[in-house]
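Q: what shape does this take:
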Amino acid sequence: MLPPLNALRVFEAAARLGSFSRAADELHVTHAAVSHQIRQLEEWFGRSLFLREKRGVRLASEAERLAETLSAGFERIAAEAESLKLRTKSEITVACIPSIATRWLIPALSEFLATHADIMVRVIYAAASQRLRETGCDVLITLGADTSGGILCTPLFSRINKPIASPRYLEREGEITRVEQIAASVLLHDETVAHWQQWFTKAGVSPSGSLRGPIFQDFNLLATAAIAGHGVALCPVEVCKREIKNGDLIVLSDISILERESYFLISNASRQKSVTAFCAWFQQVVDPGQPASQSTGPNPE
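A: Numbers count the residues shown, from 1 in each chain. Predicted coordinates for the structure are as follows:
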């Protein structure tokens, strides 16, 4: 037959802390309640567990082993309970290309976590060339659709690129309204000069000499350079929507390229509820007016 379990919990706290008052504070009960539980336990054992002294109480030597056993047991129970609690959470892994992660996913993620406390989200970077099954993740946010079988692909926004620059660049170099002025500017390149070559071909202008300006390894570096006022960049206007709205970047021309390319939210067709909840939420983040789950799949096996 077990002793009263609540009294054991009170006894363990009082023995560990060496004080009825401190035990009461830890357990959020009154000093009188602690004293009552200890007396109840002492009646069950038929002996004193604490020595009452003028300055407080002291654990009786006969009760030291019981206190140690209870402390170790409660620690094991607490550890297992925490482990079980974590195992009951759904965990999803989201792979996202850097440009979308830094501008759309990370700034809004706390909103999802606040409303889905039972879902643990792990975020990793994805290369633009990777497909969902290559990443081993539950969700992929990337450029281009995944045509694999059993995959859901939801378009997020277009990759339409237009020339942009920061107000500080325009203050220094003057107003830019014509294609010829763009051609004479310092051009910022995302991995290659090919996109600017494509844009000038569409604009009907051949820049004199080479396309001068630095080449950046990824879009985040390019966008940072553009905002800092280092030159004119070709950027996907939907990706940079917030910077444009805030006035950190200004669109210099309506002539655009890459109109047929888009960014996609990708997951398995047979996805778990937590993945469905995340995908529906992120669609609303990107376009609050867009109904969720407007997917292009699944593709047939």
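Q: find the nearest non-adjacent residue to Leu105, please.
A: For Leu105, the nearest residue in space outside its immediate sequence neighbours is Cys96; the separation is 5.3 Å by CB to CB, 6 or more residues apart in numbering. To be clear about C-beta, it is placed using only N, CA and C from the backbone, and glycine gets the same treatment.
Q: return the residues in contact with the one you found.
A: For Cys96, the set of contacting residues under the criterion of CB atoms under 8 Å, 6 or more residues apart in numbering consists of Leu105, Val123, Ile124, Tyr125, Ala126, Leu140, Ile141, Thr142.
Q: how is this protein carved up into domains?
A: Taking automatic domain parsing as the reference, the chain has its domains at 5-86, 90-158+261-286, 161-251.
Q: JSON lines for those domains, including mean pLDDT?
A: Listed next are the domains of the chain as JSON lines, based on pLDDT from 0 to 100:
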{"stretch": "domain 5-86", "mean pLDDT": "89"}
{"stretch": "domain 90-158+261-286", "mean pLDDT": "91"}
{"stretch": "domain 161-251", "mean pLDDT": "92"}
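Q: where does Val94 land in three-state SS?
A: strand (DSSP: H, G, I helix; E, B strand; the rest coil).
Q: next one: it from Asp218, what distance?
A: With distances defined as CB to CB, to the nearest Å, the gap from Val94 to Asp218 amounts to 19 Å.
Q: ok, the two, which is more surrounded?
A: A direct count of neighbours by other CB atoms under 10 Å for Val94 and Asp218 places Val94 higher, at 24 against 15.
Q: check contacts around that one.
A: With CB under 8 Å, 6+ apart, Val94 has these contacts: Leu105, Val121, Arg122, Val123, Ile124, Cys137, Asp138, Val139, Leu140, Ile141, Phe278.
Q: relative to Arg122, how far out is it?
A: Val94 is 7 Å from Arg122, where distance means CB to CB.
Q: do a quick rundown of the strands in the stretch 51-200 of the chain.
A: With DSSP state E, counting those that start in this stretch, the ranges of strands along the stretch 51-200 of the chain come out as 56-59, 90-96, 119-125, 139-143, 151-158, 161-165, 187-190.
Q: kindly reformat the ones you listed as JSON lines containing distance to Glu259.
A: Written out in JSON lines, the entries for those read as follows (distance: least, CB to CB, whole Å):
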{"stretch": "strand 56-59", "distance to Glu259": "78"}
{"stretch": "strand 90-96", "distance to Glu259": "23"}
{"stretch": "strand 119-125", "distance to Glu259": "26"}
{"stretch": "strand 139-143", "distance to Glu259": "14"}
{"stretch": "strand 151-158", "distance to Glu259": "7"}
{"stretch": "strand 161-165", "distance to Glu259": "9"}
{"stretch": "strand 187-190", "distance to Glu259": "17"}
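Q: the ones you listed: which one's closest to Ala72?
A: When the strands of the stretch 51-200 of the chain are compared for distance to Ala72 using CB to CB, the nearest one is strand 56-59, at 15.8 Å.
Q: pairing partners for the closest one, with directions?
A: Using DSSP bridges, the neighbouring strands of strand 56-59 in the sheet come out as strand 50-53 (antiparallel).
Q: bridging residues for the residue nearest to Leu105?
A: Each beta-bridge partner of Cys96 is listed here, defined by DSSP bridges: Tyr125, Ile141.
Q: surely Leu156 is in contact with Ile266?
A: No: in this structure Leu156 lies outside contact range of Ile266 using CB atoms under 8 Å: 10.0 Å.
Q: now do the shared contacts for these two.
A: With contacts taken as CB under 8 Å, 6+ apart, the residues that reach both Leu156 and Ile266 are Ile141.
Q: among those two, which residue is more densely surrounded?
A: Ile266 (26 against 21).
Q: what sits closest to that one if chain neighbours are left out?
A: The shortest distance from Ile266 to any residue that is not its chain neighbour, by CB to CB, 6+ apart, is 4.3 Å, and that residue is Leu140.
Q: which residues touch the one you found?
A: Neighbouring residues of Leu140 by CB under 8 Å, 6+ apart: Val94, Ala95, Cys96, Ala126, Gln130, Arg131, Leu132, Asp146, Leu265, Ile266, Ser267.
Q: please redo it, this time with the cut-off set to 10 Å
A: For Leu140, the contacting residues are 93-97, 126, 130-134, 146, 151, 153, 264-268, by CB atoms under 10 Å, 6 or more residues apart in numbering.
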